[in-house]
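> Sequence and predicted structure, then a few things I'm wondering about:
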Amino acid sequence: MPISRSDPETAVAAAEADDAGRGYVLDEQIGFVLRRAYQRNSMIFAERVPGPLTPTQFSVMCRLDEAGPLSQNRLGRSVAMDAATTKGVVDRLIGRGLLATRRDPEDGRRHLVYLTAAGAELIDAARPAAAEVTEETLAPLTAPERRRLLHLLSKLA
């Protein structure tokens with residue numbers, strides 16, 4: 001059945017009906033729904049968190065604030081990022097003066113990544129805003145639904 005491009009609602013409804021006939025409905029797929037939820041969360045994050053920091057940059061800085069200096073490898077693993085992504089994030093934050101590196105006193109071959117004074121100040125300012133992001137993102141859910149969602153997503157992660 002040809003889809004009318006002049007009426008977006010009709011086009012979407014027709015596509016959904018066609019997809020349903022094939023056993024695949026985009027709006028019912030976990031990846032699609034997670035991406036939409038993440039896009040909403042990212043938009044709220046960008047509006048509220050100072051810096052400007054991306055959610056990934058915030059995660060790196062927050063982890064360093066919690067754990068103290070870490071090797072780049074361990075830092076990346078602790079926030080579920082691959083080595084290339086971690087290096088890019090760390091390099092950008094070093095360039096902004098928010099992170100720095102120094103030799104590991106226990107293993108001179110390794111460098112540790114740590115927050116600078118400016119980085120520590122920014123993460124202190126960003127943490128309350130990030131908590132507001134979580135609150136706003138989860139606002140449509142009841143408290144039990146929030147706990148259940150986080151529990152179920154943790155099982156998938």
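Perfect, I can see it now.
> how much space between the most centrally placed residue in the chain and Met43?
Geometric centre of the chain, nearest residue: Pro55, 4.4 Å, by CA atoms, centre = their mean. Noted for Pro55: a distance of 11 Å to Met43, by CB to CB, to the nearest Å. Bear in mind the C-beta positions are built from the backbone N, C-alpha and C, glycine included.
> what helix or strand does the nearest residue to the residue nearest to the centre of the chain once chain neighbours are set aside sit in?
Counting by CB to CB, 6 or more residues apart in numbering, Phe45 is the residue found nearest to Pro55 once chain neighbours are left out, at 5.3 Å. Under the criterion of DSSP states H and E, Phe45 resides in helix 30-48.
> Can you give me the buried ones in that helix?
Along helix 30-48, these residues count as buried under the neighbour rule (16 or more other CB atoms under 10 Å): 41, 44-45.
> Please look at Leu112 and Ala100 and confirm they touch.
No: in this structure, Leu112 is not within contact of Ala100 by CB atoms under 8 Å, at 9.4 Å.
> Got the domain ranges for this protein?
According to automatic domain parsing, the chain comprises the domains 1-48, 51-156.
> who's the spatially closest residue to Leu93 that is not a sequence neighbour bridged to?
Of all residues not flanking Leu93 in the chain, Leu99 sits nearest, at 4.2 Å (CB to CB, 6+ apart). Going by DSSP bridges, Leu99 is paired in beta bridges with Leu115.
> Using PDB, list the CA coordinates for the longest helix belonging to the chain.
With DSSP state H setting the assignment, residue counts place helix 117-138 as the longest helix in the chain. Only the C-alpha atoms of helix 117-138 are listed here, as PDB (Å, rounded to 0.1, in the frame of the first residue of the first chain):
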ATOM      1  CA  ALA A 117      40.700  22.200  41.100                       C
ATOM      2  CA  ALA A 118      38.500  23.600  38.300                       C
ATOM      3  CA  GLY A 119      37.200  20.100  37.600                       C
ATOM      4  CA  ALA A 120      36.400  19.500  41.200                       C
ATOM      5  CA  GLU A 121      34.600  22.800  41.400                       C
ATOM      6  CA  LEU A 122      32.500  22.100  38.300                       C
ATOM      7  CA  ILE A 123      31.500  18.600  39.400                       C
ATOM      8  CA  ASP A 124      30.400  20.000  42.800                       C
ATOM      9  CA  ALA A 125      28.200  22.500  41.000                       C
ATOM     10  CA  ALA A 126      27.000  19.900  38.400                       C
ATOM     11  CA  ARG A 127      26.000  17.100  40.800                       C
ATOM     12  CA  PRO A 128      22.800  18.800  42.200                       C
ATOM     13  CA  ALA A 129      21.700  19.700  38.700                       C
ATOM     14  CA  ALA A 130      22.300  16.100  37.500                       C
ATOM     15  CA  ALA A 131      20.100  14.900  40.400                       C
ATOM     16  CA  GLU A 132      17.400  17.200  39.100                       C
ATOM     17  CA  VAL A 133      17.900  15.700  35.600                       C
ATOM     18  CA  THR A 134      17.200  12.200  37.100                       C
ATOM     19  CA  GLU A 135      14.100  13.500  38.900                       C
ATOM     20  CA  GLU A 136      12.700  15.200  35.800                       C
ATOM     21  CA  THR A 137      13.400  12.200  33.600                       C
ATOM     22  CA  LEU A 138      11.600   9.900  35.900                       C
END
